[in-house]
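Student: fold the following for me, if possible:
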Amino acid sequence: MSGGARRALAALGATAVLGLATIAETPAAPASAAAARAAAPLGCPGCVIAGAGRAPLAVPDGTPLAGYGSLRRRLWVPDMLGRYPHAFWFKPGRAEHETLAARALVLERDGTRVVWVAVDLVAVDRTFTETVAAQLARAGTNPGVLLIAASHTHSGPGAFVDSALMGFVAVDRESPSVREAVVAAVVDAVRRADEARGPARAAVGVVPAPDIVRSRFDRPLDPEIVVLAVRRMDGAPVALLWNFAIHGTMLGPGNLTFSGDVMGAASRMLEQAVRAPALFVNGAVGDVSPARHGRAALAEAAAALADAVGSAWARATPVGQGALRARTVRVDLPAPRLSLRNCLGSWLPAGFTLPLDGAFPRATTVTAVALGDTVWLALPGEPATALGLRIKAEARHSFRHAFVAGVTNDYVGYLVAAEDYGRPSYVTCGSVYDVGTGDALTKRAIGLLRELLPAGRAR
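Tutor: Sure, this is the predicted structure:
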């Protein structure tokens, strides 16, 4: 991080009423105090009731990593003898100095409540999201419009998803103990955020991204980093949410140490400077890979990202006049099928497919949230850049700022534009629905934008 950006962040962070360590350790405030803070009047454009929290993501010893299906991660023989309590297909991971985390931001205004969670996982499925919502409700915490954004690190914990196919491919067989630990961390982060609620102002900063990624399709990539900066009325930081598209694969399949990859490293740098939770939300990541790999390259890329995000935080401008609105819609999906042509090569006929009934969902959700002149769209799975840019271009007819959150609330594999579907590649191999599915989900997301137009500028 450059000296100027670091000094700007440090100056802002010095006034923080809740430092990062305090957020993680302070016991719950009395309910009456929390209610008093949440009831404070707004009285300004872009003002919200907001709170943020961070909770460690601690999983049981022997938990495998998720993200790679290569032999370097796999056990030579599946653990039929029960040697490992939480691993079956993959080698157990190990924890060292890096702490994984779940981070949460709660926003309330105009009768709408948005709960945004960023967690160091490769992905989440709909059942996971629904489990978190149910546990929050049982604990007396309103889940509101819940967005659980996986960072897409390929070195986070596995064994938390109930899917035989995904378990074999990259995540490992579900361990109830691991799943309970991951869900508990997310619920704890939301609880901490809820207890920290108070009046705040939201602002948005947009800066060019550093040159650290490449396109898997050899196409132009999204050049932006978007930052949602939430501060108390006196300027004290509440949370920093940053949005950028990158695969969490700077650490390769030979890595067996739990890590948030480059996104986690950059978020920790930002938290040390701002002294408030830094939530990373991945973007249209389907065809975006790091340009370099390895720990040395990761350290350099993380510093470049933190520098850019710090600059956006320092120069963020207030969100414009308008309500907080949110909509979630169900979208039906066609029967999932694996295209053998996309996986093995163009020499195979396009009709050669393998049914995947039961392995992927037949329906999913898309969520749109608007605050004043800023809007974000949350999509399941890994949308490609072309789809994300299409959504942003449409959104900017009516909103000043727009960003796309991928790998959120559900996992439906890769989503690509129709013109790219017929190009055999790793990405299109993982596009398990028919040729028009990515376009159809994008069209539904754009339709949601139009439903939120009262929160933005007239079209």
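
Student: residues in contact with Val227?
Tutor: 204-207, 240-243, 309, 312-313, 316 (C-beta atoms under 8 Å, 6 or more residues apart in numbering). The C-beta positions use only the backbone N, C-alpha and C, and glycine is treated the same way.

Student: what of Pro210?
Tutor: Counting by C-beta under 8 Å, 6+ apart, Pro210 has contacts 301, 304-305, 307-308.

Student: 6 Å instead?
Tutor: 304, 308 (C-beta atoms under 6 Å, 6 or more residues apart in numbering).

Student: also Ala296?
Tutor: Taking C-beta under 6 Å, 6+ apart as the definition, Ala296 has no contacts.

Student: measure it to Leu240 for me?
Tutor: Computed as C-beta to C-beta, to the nearest Å, the Ala296 to Leu240 distance reads 26 Å.

Student: the strands in the stretch 51-200 of the chain, which residues?
Tutor: Shown for the stretch 51-200 of the chain, the strands assigned by DSSP state E, counting those that start in this stretch span residues 65-66, 101-109, 112-119, 145-150, 156-157, 198-208.

Student: parallel or antiparallel, which strands does the third one pair with?
Tutor: For strand 112-119, the paired strands and their directions (DSSP bridges) read strand 101-109 (antiparallel), strand 145-150 (parallel).

Student: and if you look at the first one?
Tutor: Applying DSSP bridges to the sheet, strand 65-66 is found paired with strand 156-157 (antiparallel).

Student: what is the least confident helix or strand in the protein?
Tutor: helix 20-25 (a mean of 30; mean pLDDT, DSSP states H and E).

Student: so Ser155 sits against Thr249, correct?
Tutor: No. Applying C-beta atoms under 6 Å, one finds Ser155 not in contact with Thr249, separated by 8.8 Å.

Student: more neighbours: which of those two?
Tutor: Ser155 (28 against 19; other C-beta atoms under 10 Å).

Student: now for the more buried one: which residues touch it?
Tutor: 65, 251, 255, 259, 261.

Student: helix/strand/coil for the second one?
Tutor: In other words, Leu251. Following DSSP: H, G, I helix; E, B strand; the rest coil, Leu251 is assigned to coil.

Student: give me the number of residues near it?
Tutor: Count around Leu251 with other C-beta under 10 Å applied: 25.

Student: for it, which non-adjacent residue is spatially closest?
Tutor: Nearest non-adjacent residue to Leu251, counting by C-beta to C-beta, 6 or more residues apart in numbering: Ser155, 5.1 Å away.

Student: give me the pLDDT value at that neighbour.
Tutor: Note for Ser155: predicted pLDDT of 98.

Student: going forward, count from 58.
Tutor: Sure, I'll start counting at 58 from here, so that last one is Ser212.

Student: how about it, phi and psi?
Tutor: Here is the backbone geometry of Ser212 (degrees, to the nearest 10): phi -130, psi 20.

Student: centroid residue for this structure?
Tutor: Nearest residue to the geometric centre of the chain (C-alpha atoms, centre = their mean): Ala206, 2.8 Å.

Student: mind checking pLDDT for that residue?
Tutor: Confidence for Ala206, expressed as pLDDT, is 98.

Student: surely it meets Asp177?
Tutor: No. Counting by C-beta under 6 Å, Ala206 sits too far from Asp177 to count as a contact (10.7 Å).

Student: that older thread, can you name the residues bridging to the residue nearest to the centre of the chain?
Tutor: Beta bridges link Ala206 to Ala175, Thr465, judged by DSSP bridges.

Student: now stretch 105-113: buried residues?
Tutor: 105-112 (16 or more other C-beta atoms under 10 Å).

Student: now do it, average pLDDT.
Tutor: 98.

Student: what comes into contact with it?
Tutor: Residues contacting stretch 105-113 (C-beta under 6 Å, 6+ apart): 80-81, 95, 156, 158-166, 242, 245-246, 249-251, 253-254, 257, 259, 287, 295-296, 334.

Student: restricting to C-alpha, output that stretch in CSV.
Tutor: The C-alpha trace of stretch 105-113 is given here as CSV (Å, rounded to 0.1, in the frame of the first residue of the first chain):
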residue,chain,number,x,y,z
VAL,A,105,-28.6,4.4,7.1
ILE,A,106,-28.6,2.4,10.3
ALA,A,107,-25.5,0.3,10.0
GLY,A,108,-23.4,-2.1,12.0
ALA,A,109,-20.5,-4.4,11.1
GLY,A,110,-18.9,-7.4,12.7
ARG,A,111,-16.1,-9.9,12.2
ALA,A,112,-15.9,-13.5,13.6
PRO,A,113,-13.1,-16.0,13.2
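
Student: chain center to it: distance?
Tutor: Centroid separation for stretch 105-113 versus its chain: 15 Å, with C-alpha atoms, centre = their mean, to the nearest Å.

Student: same deal with stretch 286-293?
Tutor: 23 Å.

Student: quick one: mean pLDDT over that stretch.
Tutor: The average pLDDT within stretch 286-293 is 96.

Student: may I see the buried residues of it?
Tutor: 286-289, 293.
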